[in-house]
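Novice: just the structure for this:
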Amino acid sequence: MQNTEWIIIDTETTGFGAPIFVVELAAQRMRGWEPTGAPFKRMLNHGTAIRPEASRVHGYTREILERDGEPPQAVYRDFAEYVEQRPVAAYNLAYDWDDVLLPEWQRLGLTTAGKRGLCLMQLAQRLLDPVPAGNCKLQTLRQFYKMPARGAHTALGDVETVIDLGRQVL
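Specialist: Sure thing, here's the model as predicted:
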């Protein structure tokens with residue numbers, strides 16, 4: 001894995017109920033467990049409501065996204081250029097890739113960026129079984145292993161925490 005190039009992603013969304021829209025997308029190119037190059041971080045403005053429970057977690061409101069967000073098609077065009085055909089991993093790949101990004105790209109008529117890779121939460125569950133922290137929630141592991149706070153529940157902060165977890169624990 002040391003020479004393998006891949007991408008870690010995370011999304012923040014409008015909530016868990018369909019349809020789910022991405023409000024923030026972050027990614028980091030990796031070679032093994034080392035970041036390469038600058039991260040990708042963008043906010044998306046779909047012009048849609050954000051469920052209050054989701055806004056309480058990540059702090060984004062419709063007003064913030066209308067002011068600072070970009071059109072989704074432009075963000076995903078740049079994301080596809082950033083990812084190219086590298087495998088894409090996420091801490092909860094079933095959610096970020098299967099439940100969020102694939103349906104969103106289909107809804108927008110876009111092609112898939114990259115290819116489905118590894119679920120890093122499943123990797124943590126296998127390697128840490130039994131889990132000394134009690135569960136494999138990313139923030140629980142961050143606190144248990146005394147890793148730096150990196151902006152919990154922001155897409156880039158969670159990507160950076162996954163990198164810390166991979167380098168220091170996994």
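Novice: look through the protein and tell me its longest helix.
Specialist: Counting by DSSP state H, the longest helix found in the chain is helix 155-168.
Novice: quick one, grab the pLDDT at M1.
Specialist: For M1, the pLDDT comes out at 60.
Novice: list the buried ones in the longest helix of the chain?
Specialist: Buried residues in helix 155-168, defined by neighbour count with 16 or more other Cβ atoms under 10 Å: A155, L156, G157, D158, V159, E160, T161, V162, I163, D164, L165, G166. (Glycine included, C-beta is placed from N, CA and C.)
Novice: any idea how far the lowest-mean-pLDDT helix or strand in the chain is from the chain center?
Specialist: Using mean pLDDT, DSSP states H and E, helix 52-58 stands out as the lowest-scoring helix or strand of the chain, at a mean of 86. Taking Cα atoms, centre = their mean, to the nearest Å, one finds the center of helix 52-58 at 16 Å from the center of the full chain.
Novice: what of stretch 54-63?
Specialist: Here the centre of stretch 54-63 is set off from its chain's centre by 16 Å, with Cα atoms, centre = their mean.
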